[in-house]
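Asker: got a predicted model here, sequence first, then my questions.
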Amino acid sequence: MTEPALVLLRLSGELSTKAKATRRQFVTRLLRNLRDALEQTGHGFHVERRYERILVELEDARDLHQLERVFGLQSLARAERHQVQTLDEVVDHGERIFGDAVVGRRFAVRARTVGTGAVPGVRGHDVEIALGTRLLPGAAGVDLTKPEVTARIELFGNAAFFFRENLPCPGGLPLGTGDRAVALVSGGFDSAVAAWQMLRRGVNLDYVFCNLGGFSHQLGTLRVMQVLAQDWSFGTRPRLHAIDFSAVSRELQRVSEPRYWQVILKRLMLRAADAIAEQSGAHAIITGEAVGQVSSQTLINLRTISEATDFPILRPLVGTNKDEIIRRAEKIGTAELSAVVGEYCALVPKRPATAAKLDVVLKQEEGMDTTVLLRALEGREILALRSLDPEACGMPEIETEDVPEGACVVDLRARHEYEGWHYPGALQLDFSRALDAYTSFAKDQPYVLYCEYGLKSAHLAELMRGAGHRALHFRGGTRALRRWAEEK
């Protein structure tokens, strides 16, 4: 049997700083997003705005979690509502609701009136004194600094609302009140968190994914982006533009030196995002770059990369540490999925350029066939993230959770990782070398591939299957394989 709930919502403090007409527009959008969030539950609800508060009546109290993910809300509280006309009625209800909770504990009473429709002649300060006096005999005392129990009361509309806890909401601005942008995403921690930061600023996002890792990479990225789309993008219908970048990658490798591959690749991704932003009416490009995190993200390289587009490039994580990014990913629900996807790139030169000057990079790009990128853009998939089921996308049967007898096991990690631990009897072959060599592998031999997270091994298994090999990859990467081997 479901339990109903009355929820008191507070608007983000930023909304109060807006001009009256702007605030009205923002709140209208917020109410629309709230209704969209609750419609996903399939349960009944009623939403009502009262002064600077929003009241939501839920048919099922379990739907509270939906409200905690709506941008533009500062906090929420599950409350009891009682019609009152006098101070004594407020205190009587307060004693009944909070009396048992304060027994033997130090407490505080926080009361306030909201708007102009509060109970006539009753002020919040009056309630604090009168209810505090009523509750004190059974309590351990009053503590206004760090109370063990806080009795909270808000008065408006000839009613009193009683509650104990304020649960935090994401704050920010209602989604859809900002302009439109596109975000470059990879499925890793950084790009998902950067996109979330911009959603919190009200920016309506579509996503651009330049796929270097085959179908497995696309599926992993889809799962990550659906968390943002289904759990955080209420009131909007975001799309993922999935671009097969394999031909683009081969073309840049054909014309340029390996040490510039990373910088040129990022420039090409920006050009892809530029084209999609132009077509979709977006006004900026979002990336997950942070200064110094990898070789392509030195200040000199970022400047050279940025020259590939005239659109503003917003980097909300530019000064953020990796551990902070991962903690945020855990809170928004993408961390576990991003850990599986990992940070994938097939272009990993031994000595990447950390200070690539623009004139040098332009010289490197001179011989590139620009139609390769145009064809990749024309052939892209456009996926509706709110309605798509990733599991129904036709994933090839390339995963395994054991090692079949007689299989050749190949470790695709670096030599030092292999030496730290490897599956007994596994061969070590760097991923980049394996990409060049797999077509020469014997086709009468079954293979099981593994890597750090399972992404590179899935990509290679997919390629090998296409070339007629019997190849599987171990699901979950090295950690899962090691656990299976130890249990066996």
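Answerer: Okay, I see it.

Asker: ok, R134 - contacts?
Answerer: 91, 94-95 (Cβ atoms under 8 Å, 6 or more residues apart in numbering). The C-beta positions use only the backbone N, C-alpha and C, and glycine is treated the same way.

Asker: before we move on, what about V294?
Answerer: Counted by Cβ under 8 Å, 6+ apart, V294 has contacts Q262.

Asker: and it, how far from T354?
Answerer: 10 Å (Cβ to Cβ, to the nearest Å).

Asker: likewise I243?
Answerer: 27 Å.

Asker: what about A480, how many residues nearby?
Answerer: A480 has 16 neighbours, counted by other Cβ atoms under 10 Å.

Asker: is it correct that it falls within a helix?
Answerer: Yes - using DSSP: H, G, I helix; E, B strand; the rest coil, the assignment for A480 is a helix.

Asker: still on that earlier bit, compare I243 and T354 (neighbour count), which wins?
Answerer: More crowded of I243 and T354, by other Cβ under 10 Å: I243, with 23 against 16.

Asker: so the more buried one makes contact with L212?
Answerer: No - using Cβ atoms under 8 Å, I243 makes no contact with L212, being 10.0 Å away.

Asker: identify the residues contacting H125.
Answerer: When contacts are counted by Cβ under 8 Å, 6+ apart, H125 touches A111.

Asker: nope, G220 is what I meant
Answerer: So G220 contacts 187, 337, 340-341, 455 (Cβ under 8 Å, 6+ apart).

Asker: the same query, at a cut-off of 7 Å, please.
Answerer: 187, 340-341, 455 (Cβ atoms under 7 Å, 6 or more residues apart in numbering).

Asker: same thing with H217?
Answerer: H217 neighbours (Cβ under 7 Å, 6+ apart): 187, 211, 344, 455, 459.

Asker: same thing but at 8 Å, please
Answerer: By Cβ under 8 Å, 6+ apart, the contact list for H217 reads 187, 211, 341, 344, 455, 458-459.

Asker: I'd like to know which of the contacts of R134 are buried.
Answerer: Among these, the ones that count as buried by 16 or more other Cβ atoms under 10 Å are 91, 94-95.

Asker: name the nearest of those relative to A159.
Answerer: Nearest to A159 among the buried ones among the contacts of R134 is G94, at 13.4 Å by Cβ to Cβ.

Asker: now name the helix or strand holding that closest one.
Answerer: helix 87-102 (DSSP states H and E).

Asker: and E278, by the same measure?
Answerer: Applying DSSP H and E, one finds E278 within helix 261-280.

Asker: now the element after that helix, going C-ward?
Answerer: strand 285-286.

Asker: contacts for that following strand, please.
Answerer: Contacts for strand 285-286 (Cβ under 8 Å, 6+ apart): 181-184, 194-195, 198, 203, 205, 270, 273-274, 277, 309, 311-316.

Asker: swap in stretch 404-413?
Answerer: 403, 418, 422-423, 425-431, 434, 445-452, 456-457, 460, 472, 478.

Asker: out of the residues you listed, list just those in helices.
Answerer: Within the contacts of stretch 404-413, residues falling in helices by DSSP state H are 418, 431, 434, 456-457, 460, 478.

Asker: closest one of the residues you listed to A282?
Answerer: K456 (31.5 Å).

Asker: the closest one contacts G213, doesn't it?
Answerer: Yes - with contact defined as Cβ under 8 Å, K456 counts as touching G213 (7.2 Å).

Asker: ok, the two, which is more surrounded?
Answerer: With other Cβ under 10 Å as the criterion, K456 and G213 differ in neighbour count, and K456 comes out ahead with 28 against 25.

Asker: how about the nearest residue to that one, chain neighbours excluded?
Answerer: F431 (4.8 Å; Cβ to Cβ, 6 or more residues apart in numbering).

Asker: circling back to that earlier point, now the contacts of stretch 404-413: which count as buried?
Answerer: Neighbour counting with 16+ other Cβ under 10 Å marks 403, 418, 422-423, 426, 429-431, 434, 447-452, 456-457, 460, 472, 478 as buried within the contacts of stretch 404-413.

Asker: is it true that L240 touches L383?
Answerer: Yes - the pair L240 / L383 is scored as a contact, 4.6 Å apart, by Cβ under 8 Å.

Asker: overlap in contacts of these two?
Answerer: With Cβ under 8 Å, 6+ apart as the test, L240 and L383 both reach L222.

Asker: what does the strand or helix carrying T150 rub up against?
Answerer: Using DSSP H and E, T150 sits within strand 149-156. Contacts with strand 149-156, where a contact means Cβ under 8 Å, 6+ apart, come from 8, 50-51, 53, 77, 79, 84, 90, 94, 97-98, 101-102, 105-115, 117-119, 122, 124, 127, 131, 135, 160-164, 166.

Asker: let's see that with 7 Å instead.
Answerer: 8, 50-51, 53, 90, 94, 98, 101-102, 105, 107-115, 117-119, 122, 124, 127, 131, 160-164.

Asker: tell me the strands beside it, with direction?
Answerer: strand 106-113 (parallel), strand 159-163 (antiparallel) (DSSP bridges).

Asker: what's the closest residue to L131 other than its chain neighbours in contact with, if anything?
Answerer: Closest residue to L131 apart from its sequence neighbours, by Cβ to Cβ, 6+ apart: G94 at 4.4 Å. The contact partners of G94, taken as Cβ under 7 Å, 6+ apart, are 131, 151, 153, 162.

Asker: on that earlier part again, just the buried subset of the contacts of strand 285-286, please.
Answerer: Using 16+ other Cβ under 10 Å, the buried members of these are 181-184, 194-195, 198, 203, 205, 270, 273-274, 277, 309, 311, 313-316.

Asker: how about the secondary structure of the residue in the chain sticking out farthest from the centre?
Answerer: Of all residues in the chain, P137 sits farthest from the chain's C-alpha centroid, using Cα atoms, centre = their mean; the distance is 48.6 Å. Three-state secondary structure (criterion: three-state DSSP) places P137 in helix.

Asker: can you list the weak-confidence ranges in this structure?
Answerer: 1, 116-118, 342-349, 390-396 (pLDDT under 70).

Asker: at 50 what do you get?
Answerer: Within the chain, no stretch has pLDDT under 50.

Asker: can you list the domains in it?
Answerer: If you go by automatic domain parsing, the domain ranges for the chain are 5-81, 85-157, 180-392, 399-487.

Asker: quick check: end-to-end length of the last one?
Answerer: Spelled out, it's domain 399-487. For domain 399-487, the first-to-last residue distance is 19 Å (Cα to Cα, to the nearest Å).

Asker: quick one: stretch 174-181 to chain centroid distance?
Answerer: Here the centre of stretch 174-181 is set off from its chain's centre by 16 Å, with Cα atoms, centre = their mean, to the nearest Å.
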